[in-house]
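Undergrad: any chance you can model this:
(one chain, ligands or ions: 1)
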Amino acid sequence: MTPTLEITNLKLHFPGHGAPIRAVDDVSFSIAPGETLGLVGESGCGKTTVANATVGLLAPTAGSVRVLGTELAGADATTLRAIRARAQMVFQDPVTSLNPRMTIGTAIGEPLLVRKVARGAELRDRVAALLEEVGLRPDHANRYPHQFSGGQRQRIVIARALALRPALLVCDEPVSALDVSVRAQILNLLVELQARHAMSTLFVSHDLAVVRHVCDRVAVMYLGRLAEVAPRDALYAEPRHPYTRALLAAVPEPDPAVQRAKPRVPLSGEIPSPANPPSGCRFHTRCPLATDICRNAVPELRQVGESQVACHLA
Ligand code: SF4
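TA: Predicted coordinates:
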């Protein structure tokens with residue numbers, strides 16, 4: 001079966017003051033139909049850059065991005081427009097994602113109108129159904145964004161992203177800007193919608209606790225490269241890359257007894273600059289297990305049990 005998203009040897013480099021910034025350096029992964037993949041890592045690791053490339057907002061320096069089998073790299077404007085209808089993005093901040101002067105009915109209906117999918121009474125019906133689908137009321141259509149809470153605004157953004165029935169939803173930190181109290185509601189809504197429409201989802205987050213609730217598989221990114229890709233349960237039960245172990249050790253446990261029993265894996269130091277990444281394994285400057293080989297040879301992603309791991313010692 002054709003993957004919904006297939007990324008192969010993706011590179012995104014940007015001009016810097018000296019050397020180019022290698023934000024994404026040789027990343028490959030795919031997402032099957034109906035599957036949710038979490039892409040996690042600290043801020044600046046390149047995960048948002050990957051997300052932007054998957055919906056055609058950034059052109060790759062090298063490599064391939066295929067959505068439903070169609071290549072985005074080097075595609076003409078018509079192909080890009082067609083693909084963008086099938087791959088929709090939900091950004092972190094629902095405030096800046098919505099035009100304050102546009103009613104939410106107009107905002108949600110806009111993609112349907114622009115692509116001539118519906119108009120008039122049919123458009124109103126479709127907007128009403130989308131509002132109900134995300135837990136809002138049809139009569140909300142006449143209101144403006146400022147009349148809603150942060151959580152409701154993210155529901156509106158999700159409704160607009162769903163309007164064209166995308167095959168791929170790309171969510172970039174969709175709950176980070178929201179109050180902790182409403183995060184679970186939005187995550188549950190995403191899980192529900194994903195199951196109902198059998199959509200594939202790329203879920204970008206710095207928060208491994210959040211990713212655990214919504215993803216089938218998890219890819220961990222460090223300084224522009226993938227460190228580990230594994231089925232969710234395998235990753236949380238038996239993290240194989242030292243960086244994944246350090247990230248997981250930093251996630252607080254609600255149960256104090258479990259928290260006390262957790263292994264301590266300190267993650268020291270700052271992420272090095274992607275303009276001048278460390279030689280060999282990019283994690284070697286922060287890895288407690290680093291040896292000479294780590295400084296000299298780049299570890300490739302290889303299969304270890306159910307996981308793919310880029311570590312010489314895995
Ligand atoms: Fe640590 Fe070496 Fe493995 Fe990199 S390759 S994660 S430095 S042990």
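Undergrad: how about the CA coordinates for the helix or strand hosting residue 129, as PDB?
TA: Per DSSP states H and E, residue 129 falls inside helix 120-133. Presented in PDB, the C-alpha positions along helix 120-133 are these (Å, rounded to 0.1, in the frame of the first residue of the first chain):
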ATOM      1  CA  GLY A 120     -24.500  28.700  -0.600                       C
ATOM      2  CA  ALA A 121     -26.700  26.500   1.500                       C
ATOM      3  CA  GLU A 122     -24.400  23.500   1.000                       C
ATOM      4  CA  LEU A 123     -21.400  25.400   2.300                       C
ATOM      5  CA  ARG A 124     -23.400  26.500   5.400                       C
ATOM      6  CA  ASP A 125     -24.400  22.900   6.000                       C
ATOM      7  CA  ARG A 126     -20.800  21.700   5.600                       C
ATOM      8  CA  VAL A 127     -19.500  24.400   8.000                       C
ATOM      9  CA  ALA A 128     -22.300  23.500  10.600                       C
ATOM     10  CA  ALA A 129     -21.300  19.800  10.400                       C
ATOM     11  CA  LEU A 130     -17.600  20.600  10.800                       C
ATOM     12  CA  LEU A 131     -18.300  22.800  13.900                       C
ATOM     13  CA  GLU A 132     -20.400  19.900  15.500                       C
ATOM     14  CA  GLU A 133     -17.600  17.500  14.700                       C
END
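Undergrad: how about residues contacting it?
TA: Here helix 120-133 makes contact (Cβ atoms under 8 Å, 6 or more residues apart in numbering) with 104-105, 108-109, 112-113, 117-118, 137-138, 140-141, 159-160, 162-163, 193. For glycine as for every other residue, the C-beta is placed from the backbone atoms N, C-alpha and C.
Undergrad: tell me which helix or strand comes right after that helix.
TA: helix 150-162.
Undergrad: and the very next helix or strand once past that following helix, which strands flank it?
TA: Using DSSP H and E, the helix or strand that follows helix 150-162 in sequence is strand 168-172. Within its sheet, strand 168-172 is paired with strand 87-90 (parallel), strand 200-205 (parallel), according to DSSP bridges.
Undergrad: take the ones you listed and write them to CSV, including distance to the ligand and mean neighbour count.
TA: Shown next, in CSV, are the strands paired with strand 168-172 (distance: least, Cβ to the nearest ligand atom, whole Å; neighbours: other Cβ atoms under 10 Å):
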stretch, distance to the ligand, mean neighbour count
strand 87-90, 31, 24
strand 200-205, 22, 26
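Undergrad: sorry, back to before: now the helix holding residue 129: buried residues?
TA: 123, 126, 127, 128, 130, 131, 133 (16 or more other Cβ atoms under 10 Å).
Undergrad: next: stretch 3-22.
TA: Buried residues in stretch 3-22 (16+ other Cβ under 10 Å): 3, 4, 5, 6, 7, 10, 11, 12, 13, 21, 22.
Undergrad: near the ligand, which residues of the stretch 151-300 of the chain?
TA: 241, 242, 281, 283, 284, 287, 289, 290, 294, 299 (Cβ under 6 Å from any ligand atom).
Undergrad: count the residues that sit near the fifth one.
TA: Pointing back at residue 284 there. Number of residues near residue 284 (other Cβ atoms under 10 Å) recorded here: 21.
Undergrad: doesn't it fall inside a helix?
TA: No: Residue 284: not assigned to a helix; according to DSSP: H, G, I helix; E, B strand; the rest coil it is coil.
Undergrad: pretty sure it contacts residue 296?
TA: No: with contact defined as Cβ atoms under 8 Å, residue 284 does not reach residue 296; the gap is 9.4 Å.
Undergrad: circling back: can I get the buried residues of helix 120-133 in CSV including pLDDT?
TA: What follows is those, written out as CSV (pLDDT from 0 to 100):
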residue, pLDDT
123, 96
126, 97
127, 97
128, 97
130, 97
131, 97
133, 96
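Undergrad: between those, which is nearest the ligand?
TA: residue 133 (43.1 Å; Cβ to the nearest ligand atom).
Undergrad: how about residue 244, what does it touch?
TA: 220, 227, 228, 235.
Undergrad: the ligand: which of those residues is nearest?
TA: Closest approach to the ligand among the contacts of residue 244 (Cβ to the nearest ligand atom): residue 227, at 7.1 Å.
Undergrad: what is the mean pLDDT for the helix or strand hosting that closest one?
TA: Per DSSP H and E: residue 227 is located in strand 225-231. Across strand 225-231, pLDDT averages out at 98.
Undergrad: report the distance from that strand to the chain centre.
TA: Here strand 225-231 is found 14 Å from its chain centre; the criterion is Cα atoms, centre = their mean, to the nearest Å.
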